[in-house]
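Colleague: sequence first, predicted coordinates after that:
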Amino acid sequence: MAIFDTILSLITLPAIVLGFIAMVGLLLQKKTAGDVFKGTLKTILGQLILGIGITALINALTPIQQFFEYGIPSGGFETFVTYDEAVVGAVQNTNLMNVGAEIAWTMLFGYIVHVLVSRVTKYRYIYLTGHMIWVHAGAFAILFHSFGFSTPVVVALASVLDGFYMTFAPALAQPIMRKITGSDEIAFGHGQTLLNMLGAWAGKLVGKPEDSSENVKIKESFNFLRDMSVSISLIMLLVAFIGAGLALGQIGTTGFAENISGGQNWIVFTLLTALNFTAGVLVLLQGVRMLIAEITPAFKGIAEKLIPGAKPALDCPVIYPYAPNALIFGLISGTIGQVASMVILALIGWPVPLPSMIAAFFASGAGAIFGNATGGRKGAWLGGFLWSFVGWFLISFAYKFQVFGDLSGLGAVGLGFTVPDAIVPGIVIWGIAKIFGF
Amino acid sequence: MVIATLCGMGFGTSMMLKLFIDDILKAEGIKAETSPWDLGSFKGNKADIVVAPVDMESHLKDYPAKIILIKNLVDKAEIKEKVLQAIRELS
């Protein structure tokens, strides 16, 4: 029994399961023993590093939430950070009731379902965006876990949903991708699909594709924002100092020192809080990087053998070179959309997702490129705006009604999902489950 | 030889470029280590060749390696031509 117990505790440990998936992948690619060992080890370390980043990030988040609690005492609303990798990373790392292991197994079996679905249907896509494969496996496993199913049932249901998602989401976006890239070579593989399609649909109503954003000349002054450490720091400094300012307005510097900063000067404390959050995100990203670095090539190699001629569904930046101006329009209108949505959410007393440069750049930017493909310049502005405006409502809805269960209780304190491709199916299944009394 | 690929996050576009380059190197029978990098921390790493999207040019100005800028990230012909030329120039 001791051996059985050991095996059981190993296959319920996320780091070990992911290491195992990487090891099988490396063996199937006929790598040398040294490479197999190195890759397996790095994948396991990736998961552990990710956990360290999550802890740092959540620790820095607590004071920022306190700023707003003290700053707007009558507001009664809650703020949270929306970041998919942080949610899945935190839940997986905490691994309460094996949910972390369920995520890891869903990543493997979900991909197998995806390859099978792509093989037997006419939708021959292979989803290759590593962090999104992981995020969706995570979201769907957490969703089914919240209904109280046993581990095998959670993994089975989540894998089927995940597999169908990874085949059909790229298929859904392909008509617009053909317009954007002018060819049928590559597909879109990122959790933004549904809101990007909203942008494409809305774009058609307001403009013409001939009036493209790319006919406009703009300066390249936003380039420094591509460095995540810079853009996240800037936005968190802004948020933290606004929050600290509000708190000071209510409780003054003495109250601030007593209740929030533990005696530290408010400027120093706020500065460090914002930068500690960024540092946490950077450590988290390093973990994600190591976690998926070995698994993505393995999945690619296997899928290409089984589905010859399939179209690769790739990360959102592949479409940026086709419409760099639309990307900037999306960054600007997406930021406006986030703020507009935040104000409304605060007024109706719903949880308020803090602004995210990652969403404004990567998501609203892509939404604008989709809008530009159908509605030109006007479509780009509208597509970027809608992504954030509607997206922030979806994000707040999922957080408020605990669509994915009690994420805080699972370790993701003050964190919520971002991508619509996880949230919208989540809301549908959560709604059906509600009807049937789960 | 170390060939690094660069993007903002270090696991999206850079990973895709790495996979494309791996395919090219395999087809040509060239041995090299490829690794995806992120814009935030790459300056602490060393490589012989750095492959990056063309809009990252300003970030790579002073970096001591052979820099290859790719205009169309999914155009395998462009990537192949530029990477192979850089390898020839180095060896």
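Modeller: Sure, I can see it.

Colleague: how near is the residue of chain B found nearest chain A to B:I49?
Modeller: Using Cβ to the nearest Cβ, the single residue of chain B nearest to chain A is B:G12, 3.6 Å away. Any C-beta I mention is one placed from the backbone N, CA and C, and that applies to glycine too. B:G12 sits 20 Å away from B:I49, going by Cβ to Cβ, to the nearest Å.

Colleague: neighbour count winner among these two?
Modeller: B:G12 (25 against 22; other Cβ atoms under 10 Å in any protein chain shown).

Colleague: residues contacting stretch A:147-157, please?
Modeller: With Cβ atoms under 8 Å, 6 or more residues apart in numbering or on different chains as the test, stretch A:147-157 has contacts from A:12, A:98-99, A:101-102, A:105-106, A:109, A:140-141, A:144-145, A:433, A:438.

Colleague: rerun at 6 Å
Modeller: Contacts to stretch A:147-157, defined as Cβ atoms under 6 Å, 6 or more residues apart in numbering or on different chains, come from residues A:N98, A:E102, A:W105, A:T106, A:A141, A:F144, A:H145, A:A433, A:F438.

Colleague: do stretch A:296-316 as well
Modeller: Contacts for stretch A:296-316 (Cβ under 6 Å, 6+ apart): A:25, A:29, A:111, A:115, A:118-119, A:124-130, A:170, A:186-187, A:189-190, A:362, A:366, B:12-13, B:15-16, B:19.

Colleague: pLDDT value on the most far-flung residue of chain B relative to its centre, please?
Modeller: Relative to the centre of chain B, the most outlying C-alpha is that of B:G29, 17.6 Å out, by Cα atoms, centre = their mean. Here, the pLDDT recorded for B:G29 equals 93.

Colleague: same question, B:I87
Modeller: pLDDT for B:I87: 93.

Colleague: help me confirm that it is found in a strand?
Modeller: No: assigned with DSSP: H, G, I helix; E, B strand; the rest coil, B:I87 falls outside any strand and is helix.

Colleague: which residue, other than its chain neighbours, is closest to it?
Modeller: B:I30 (6.4 Å; Cβ to Cβ, 6 or more residues apart in numbering or on different chains).

Colleague: tally up the residues packed near the one you found, please.
Modeller: A count of nearby residues for B:I30, using other Cβ under 10 Å, gives 15.

Colleague: how close does the nearest residue to A:F361 once chain neighbours are set aside get to A:V239?
Modeller: Excluding its sequence neighbours, the residue lying closest to A:F361 (Cβ to Cβ, 6+ apart) is A:L331, at 5.3 Å. Taking Cβ to Cβ as the measure, A:L331 falls 17 Å from A:V239.

Colleague: equivalent analysis for A:G262, please.
Modeller: 21 Å.

Colleague: what of A:L285?
Modeller: Relative to A:V239, A:L285 is positioned 19 Å away (criterion: Cβ to Cβ).

Colleague: who's more crowded, these two?
Modeller: Each of A:L285 and A:V239 has its neighbours counted (other Cβ under 10 Å); A:L285 has more, 26 against 21.

Colleague: which helix or strand contains that one?
Modeller: Secondary structure assignment for A:L285, by DSSP states H and E: helix A:266-293.

Colleague: how about that helix, does it reach chain B?
Modeller: Yes: with Cβ under 6 Å from any Cβ of the partner chain as the measure, helix A:266-293 is seen reaching chain B through A:R289, A:I292.

Colleague: mean confidence score for that helix?
Modeller: The pLDDT scores in helix A:266-293 average 90.

Colleague: the next helix or strand after it to helix A:266-293, inter-axis angle?
Modeller: Going down the chain from helix A:266-293, the next helix or strand is helix A:295-306, by DSSP H and E. Relative orientation of helix A:295-306 and helix A:266-293, computed by axes from the mean of the first three to the mean of the last three Cα atoms, to 10 degrees: 30 degrees.

Colleague: out of the contacts of stretch A:147-157, which are buried?
Modeller: Among these, the ones that count as buried by 16 or more other Cβ atoms under 10 Å in any protein chain shown are A:N98, A:E102, A:W105, A:T106, A:A141, A:F144, A:H145.

Colleague: contacting residues around the residue nearest to A:W201 when sequence neighbours are not counted?
Modeller: Of all residues not flanking A:W201 in the chain, A:T374 sits nearest, at 7.5 Å (Cβ to Cβ, 6+ apart). Counting by Cβ under 6 Å, 6+ apart, A:T374 touches A:A200, A:G203, A:K204, A:P209.

Colleague: likewise for A:A200?
Modeller: By Cβ under 6 Å, 6+ apart, the contact set of A:A200 is A:I176, A:F370, A:T374.

Colleague: element containing it?
Modeller: Per DSSP H and E: helix A:193-206 holds A:A200.

Colleague: pLDDT score for A:G138?
Modeller: pLDDT recorded at A:G138 is 97.

Colleague: pretty sure it is touching A:E102, no?
Modeller: No: under the criterion of Cβ atoms under 6 Å, A:G138 is not in contact with A:E102, lying 9.2 Å apart.

Colleague: quick one on the thing from earlier: tell me the most packed of the contacts of A:T374, by neighbour count.
Modeller: A:G203 (29 neighbours).

Colleague: please report how far that one lies from A:W387.
Modeller: Applying Cβ to Cβ to A:G203 and A:W387 gives a distance of 12 Å.

Colleague: do A:K300 as well
Modeller: Distance, A:K300 to A:W387, by Cβ to Cβ: 28 Å.

Colleague: and those two? Which one has more around it.
Modeller: Neighbour count, other Cβ under 10 Å: between A:K300 and A:W387, A:W387 has more, with 32 against 21.

Colleague: which other residues reach stretch A:427-434?
Modeller: A:F147, A:V403.

Colleague: on that earlier part again, ok, the residue nearest to A:W201 to A:I176 distance?
Modeller: From A:T374 to A:I176 the distance is 7 Å (Cβ to Cβ).
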